[in-house]
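Engineer: Sequence first, then the predicted structure, then my questions.
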Amino acid sequence: MYRSEKFNPTLFGKLFHLGSKLAEGNRWLRLAEALPWERLDEEYGRHFAAGQGRPAKDSRLVCGLLAVKQLKNLSDEDAVAEFMESPYIQAFCGQEYFAVEDVTNPGILSERRKRLGPEFLALLDAELAAALKANRDLKFRSAKTAPDGGLWNAVVEKLRSFFP
């Protein structure tokens, strides 16, 4: 009996480990190596009470989604959709296994921008700009940058209007 793989493709398991299955030269993986995730995590953690309430979403997930949103000039909804569709973006955001079910919702990005405030967004902007400057071959053509190279300037200025 003949069974064509074209018509009966093998399917990925529900989850597959991202580690050894992705091309190491991918721009998202290279950018992930260039960012100081520990520093961002430390600053992110300062905005949450220790041991109280529900655990916050992981800093790498949130910072990664905010970076994807800016670098690809996307809405919050589209940034989360890109995350769900791309194993490279999921790896960039710190996932070890490919997620097939919703990991987060777009509303978290708006809430986190408000909670983290303009200083944190300026730090994220500076770290992204430094990583891109140090790795000039990483191209994110859709990124809207201000004349001084800042990715978040407009967002930071808008948030400053909310914080006296």
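Structural biologist: Cool, the structure landed. Predicted model only: the values in this text are computed from it and were never measured. Numbers count the residues shown, from 1 in each chain.
Engineer: what's near enough to touch Ile108?
Structural biologist: Lys57, Val62, Leu65 (CB atoms under 8 Å, 6 or more residues apart in numbering). Any C-beta I mention is one placed from the backbone N, CA and C, and that applies to glycine too.
Engineer: Dead centre of this protein: give me the residue that sits there.
Structural biologist: Gly64 (1.8 Å; CA atoms, centre = their mean).
Engineer: just to revisit the earlier point, closest to Leu40 among the contacts of Ile108?
Structural biologist: Val62 (9.3 Å; CB to CB).
Engineer: isn't the closest one right up against Leu109?
Structural biologist: Yes. Taking contacts as CB atoms under 8 Å, Val62 lies within contact range of Leu109: 7.4 Å.
Engineer: residue boundaries of the helices in this structure?
Structural biologist: 27-34, 37-45, 59-71, 76-85, 87-92, 107-134, 153-160 (DSSP state H).
Engineer: and the fourth one, how far out from the chain's middle?
Structural biologist: Shown here is helix 76-85, whose average C-alpha point lies 10 Å from the average C-alpha point of the whole chain (CA atoms, centre = their mean, to the nearest Å).
Engineer: For Glu101, see how far away the closest residue to Arg39 other than its chain neighbours is.
Structural biologist: Distances taken as CB to CB, 6 or more residues apart in numbering place Glu127 nearest to Arg39, at 7.3 Å, with adjacent residues excluded. Glu127 sits at a distance of 30 Å from Glu101 (criterion: CB to CB, to the nearest Å).
Engineer: Those two - which one has more neighbours?
Structural biologist: Ranked by neighbour count (other CB atoms under 10 Å), Glu127 and Glu101 place Glu127 first, with 19 against 7.
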